[in-house]
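K.L.:
fold the stuff below for me.
(one chain, ligands or ions: 3)
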Amino acid sequence: MKYKSQQVAYWFFALSMVLFILQITYGFVMAFAHLGYDGLHELIPFNAATATHKNLLVVWILSGFMGAAYFIIPDEAERELISIPLVKLQFWSLAIVGVVAVIGFHIGWWEGRKFLEIPRPLDYLVVVNVLLFLYVLLMTLYKGKKRTTTALVLSMGLFFAALLYLPGMVWFDNQTMDSFFRWWVVHLWVEGVWELIMGGILAYLLIKLTGVDREVIEKWLYVIVGLTFLSGVLGTGHHYYYIGTPKYWLMIGGIFSALEPLAFLGMALFAVAMYRKGEKRHPNKMALTWTLGTAIISFVGAGLLGVAHTLPSVNMWTHGTFVTAMHGHLAFWGAYGMLVLGMITYAMPLITGRKMYTKPGASYAFWLSNIGMIGMTTAFAAAGVAQVYLERKVGMDFIDVQQEMEVHFLILIAAASLFTLGIILYIINFFKYGKPTDEALEPA
Ligand code: HEM
Ligand code: HEM
Ligand SMILES: [Fe+2]
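P.N.:
Residues are numbered from 1 along each chain as shown. Ligands and ions are numbered 1, 2, ... in the order given. Predicted structure coming up:
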C-alpha cells in the first residue's frame with residue numbers, strides 16, 4: 001500500500017461487517033415468522049423486519065463501496081485523500097443516519113416504499129453525506145497525478161448512483177407515478193450504475209491480482225459499460241408491466257431486459273479470461289477466489305435468475321412472489337455482497353500488515369457462505385413456484401398458501417444457518433486483522 005490515507009477504508013469495512021450481521025439477524029426473524037413462529041411480533045412487526053433487512057443490506061453494501069473507493073482512488077490517482085477529517089465526518093454521519101433509520105422503522109417512522117423506506121427528512125441527511133463523500137473522492141481524483149479508466153468508471157458509477165437517489169425523493173400523490181420513479185432508483189442502481197461500480201472494482205482487483213496489463217483489462221471495461229447501458233436503461237421497463245403505464249413497456253421491457261444478462265456474462269468471462277491469462281500469481285489467493293466468485297455468481301443470480309422472470313408473460317404470474325426473493329438474494333449476494341467481501345479480503349492485509357487470508361477460516365467462510373446461499377436460493381425457488389401455482393393458477397387463498405409454504409422455510413433456515421456460519425467466520429477473521437498499522441506501507 002502506498003498511501004496512508006487508504007487506511008480510512010478500514011472504518012467503512014468494519015461498519016459494513018457490523019451492519020451485515022444485523023441484516024442477517026432480521027432475515028432470521030422473517031424466516032421464523034414465515035414458519036409460523038412470530039414471537040417477536042410486538043417488538044419487531046414484519047414490516048419493520050423487512051424494511052430493516054433490506055435497508056441494512058443497502059447500507060452495508062454502500063459502506064463497502066465507500067471503503068473500496070477510499071482505498072482505490074488514492075492508489076489510482078497517485079496521491080493521498082484530500083482530507084481525513086472530512087472522511088471522518090462523513091463516516092460518522094453515515095453511521096448515525098443508519099442507526100436513526102433502523103430505530104425509526106421500529107417505532108413506525110418509515111415510508112412503505114420497498115427499499116426506499118427511510119423517511120424524507122433522513123433522505124436530506126443522506127444527500128449531504130453522499131455529497132461529502134463525492135467531494136473528497138472527486139477532488140482527490142482531480143488533484144491526483146493520474147486519471148485511469150478504472151478510477152473514472154468507479155467514480156462515474158458512484159456519482160450517478162448519488163444522482164439517481166433523487167427521483168426517489170420527489171413526492172407523488174399518484175401511486176403509478178410514485179412506482180414509476182421508485183424504479184429509477186431501485187432498478188437503475190442495481191442494473192445500471194452499480195454495475196459500473198462493480199466493473200471498476202473488478203478491474204482494479206484483477207489488475208492487482210492477476211498481473212495482466214492494465215490496457216487489456218481496461219479495454220474489457222468499455223465493453224461492459226457499453227453492454228450495461230445498452231440493456232439496463234430501457235430494461236427498467238420490466239418493472240412497468242401492468243402498473244398503469246402505457247402498454248408499449250411490455251415489449252420494450254421484455255426485449256431490453258432480456259439482453260441484460262450479457263453485461264453479467266461479459267464480467268464473468270472477463271474475470272475468468274484474465275485469471276487464465278495472468279502469469280503473476282498474487283499470494284492472496286482468497287481475494288482472487290472472491291473476485292472470480294463474484295463475477296460468476298452474479299451472472300447466475302442476476303443474469304440467469306433475473307431473465308427467468310423478466311418476460312411479461314412470466315412476470316404477470318411471478319411478480320412479488322418468492323420467485324422475486326429467490327432472484328433478489330442470489331443477485332445481491334453474487335454481484336455486490338461478494339464483491340465487497342472480495343475487496344475487503346484484498347485490502348485488509350495491506351491496511352493492517354497481517355496475512356489472515358492464509359487461515360483455514362478464510363477459505364471455509366467462502367465455501368460455507370456460498371453453499372448456504374445456493375441452498376437459500378433453492379428454498380426460495382421451491383416456495384416461489386409452489387406459491388405461483390397454488391395462489392395464482394389454482395386460486396387458493398393467500399393465507400392458505402402461506403401455510404402450505406411453511407415447510408420450505410425449514411429448508412431456508414437450515415441453508416441460511418450454513419450461510420451465516422460462513423459469514424461469522426469471515427467477520428471473526430476480519431476483526432482478527434486488528435486495526436490499521438503502517439507495517440505494509442511502502443516507503444515513499
Ligand atoms: C446485480 C443485479 C441485480 C440485483 C441486485 C437484482 C435485485 C432485485 C431485487 C432486490 C428485486 C426486487 C425489487 C423490488 O421488488 O423492489 C428485483 C426484481 C426483479 N429483477 Fe432483479 N436484480 C438484478 C439484476 C436483474 C437482471 C439482470 C434481470 C433480468 C434480466 C432482473 C430481473 C428482475 C425482474 C423481472 C424483477 C421483478 C420481479 C417482480 O416482478 O416481482 N434483475 N431484482
Ligand atoms: C442469512 C440469512 C437470511 C435470511 C434468513 C433471509 C430471509 C429473508 C426473508 C424471509 C425475506 C422476506 C421475503 C418476503 O417475505 O417477502 C428476505 C428478503 C430479502 N432479503 Fe434476505 N435473508 C437472509 C440474508 C440475506 C442476504 C445476505 C441478502 C443479500 C445479499 C438478502 C437480501 C434480501 C433481499 C434483496 C430481500 C427482498 C426480496 C424481495 O424483493 O422479494 N438477504 N430475506
Ligand atoms: Fe430491474
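K.L.:
what about the residue nearest to Phe398 when sequence neighbours are not counted, which SS state?
P.N.:
Nearest residue to Phe398, sequence neighbours excluded (CB to CB, 6 or more residues apart in numbering): Glu391, at 6.2 Å. Any C-beta I mention is one placed from the backbone N, CA and C, and that applies to glycine too. Here Glu391 is recorded as helix under DSSP: H, G, I helix; E, B strand; the rest coil.
K.L.:
Glu391: how many residues sit nearby?
P.N.:
Glu391 has 20 neighbours, counted by other CB atoms under 10 Å.
K.L.:
middle-most residue in this protein, spatially?
P.N.:
Tyr336 (3.2 Å; CA atoms, centre = their mean).
K.L.:
ok, now which ones touch that residue?
P.N.:
61, 64, 190, 194, 198 (CB atoms under 8 Å, 6 or more residues apart in numbering).
K.L.:
want to throw these into a markdown table with secondary structure, neighbour count and distance to Ala382?
P.N.:
Shown next, in a markdown table, are the contacts of Tyr336 (DSSP: H, G, I helix; E, B strand; the rest coil; neighbours: other CB atoms under 10 Å; distance: CB to CB, whole Å):
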| residue | secondary structure | neighbour count | distance to Ala382 |
| --- | --- | --- | --- |
| Ile61 | helix | 23 | 27 |
| Gly64 | helix | 27 | 30 |
| Val190 | helix | 22 | 24 |
| Trp194 | helix | 24 | 28 |
| Met198 | helix | 27 | 29 |
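K.L.:
between the residues you listed, which is nearest Ile255?
P.N.:
Val190 (19.5 Å; CB to CB).
K.L.:
which residue packs closest to the residue of the stretch 1-150 of the chain found nearest ligand 2, ignoring adjacent ones?
P.N.:
In the stretch 1-150 of the chain, the residue that lies nearest ligand 2 is Gly27 (2.6 Å; CB to the nearest ligand atom). With CB to CB, 6+ apart as the criterion, Gly27 has its nearest non-adjacent residue at 5.5 Å, and that residue is His53.
K.L.:
also Thr437?
P.N.:
Thr437 sits nearest to Gly353 (CB to CB, 6+ apart), 4.9 Å away.
K.L.:
could you do Glu76 as well?
P.N.:
Ala151 (3.9 Å).
K.L.:
quick check: residues of the stretch 301-444 of the chain near ligand 1?
P.N.:
The interface of the stretch 301-444 of the chain toward ligand 1, taken as CB under 6 Å from any ligand atom, is made up of 302-303, 306-307, 309-310, 315, 319-320, 324, 327-328, 331-332, 335.
K.L.:
if you set the cut-off to 8 Å instead, what comes out?
P.N.:
Contact residues (CB under 8 Å from any ligand atom) of the stretch 301-444 of the chain with ligand 1: 301-303, 305-307, 309-310, 315, 318-321, 323-324, 327-328, 331-332, 334-336.
K.L.:
what's the answer for the stretch 1-150 of the chain, then?
P.N.:
Residues of the stretch 1-150 of the chain lying near ligand 1 (CB under 8 Å from any ligand atom): 54, 114-115.
K.L.:
most neighbours among those residues, please name it.
P.N.:
Lys54 (19 neighbours).
K.L.:
pretty sure it is touching Leu116, no?
P.N.:
No: in this structure Lys54 lies outside contact range of Leu116 using CB atoms under 8 Å: 9.7 Å.
K.L.:
need the contact list for the nearest residue to Leu304 once chain neighbours are set aside.
P.N.:
Counting by CB to CB, 6+ apart, Leu304 lies nearest to Pro261, which is 6.5 Å off, once chain neighbours are set aside. Applying CB under 8 Å, 6+ apart to Pro261 gives the contacts 299, 302-304, 306-307.
K.L.:
let's see it at 10 Å
P.N.:
Pro261 sits next to 227, 231, 268, 299-300, 302-307, 310 when contact means CB atoms under 10 Å, 6 or more residues apart in numbering.
K.L.:
count the neighbours of the residue in the stretch 151-300 of the chain positioned nearest to ligand 3 for me.
P.N.:
Of all residues in the stretch 151-300 of the chain, the one sitting closest to ligand 3 is His187 (3.7 Å; CB to the ion). When neighbours are counted by other CB under 10 Å, His187 registers 20.
K.L.:
right, and it touches His238 too?
P.N.:
Yes: between His187 and His238 there is a contact at 8.0 Å, judged by CB atoms under 10 Å.
K.L.:
between these two, what contacts are shared?
P.N.:
In contact with both His187 and His238: Ser257, using CB under 10 Å, 6+ apart.
K.L.:
coming back round to it: the residue nearest to Glu76 against Arg79, yeah?
P.N.:
No: with contacts counted by CB under 10 Å, Ala151 stays clear of Arg79, the gap being 11.6 Å.
K.L.:
the more surrounded of those two?
P.N.:
Ala151 (24 against 18).
K.L.:
who in the stretch 101-250 of the chain is up against ligand 2?
P.N.:
Counting by CB under 8 Å from any ligand atom, the stretch 101-250 of the chain sits next to ligand 2 at Lys114.
K.L.:
what residue in the stretch 101-250 of the chain comes nearest to ligand 1?
P.N.:
Val190 (3.8 Å).
K.L.:
check the chain too.
P.N.:
Closest point on the chain to ligand 1, by CB to the nearest ligand atom, is Gly306, at 2.4 Å.
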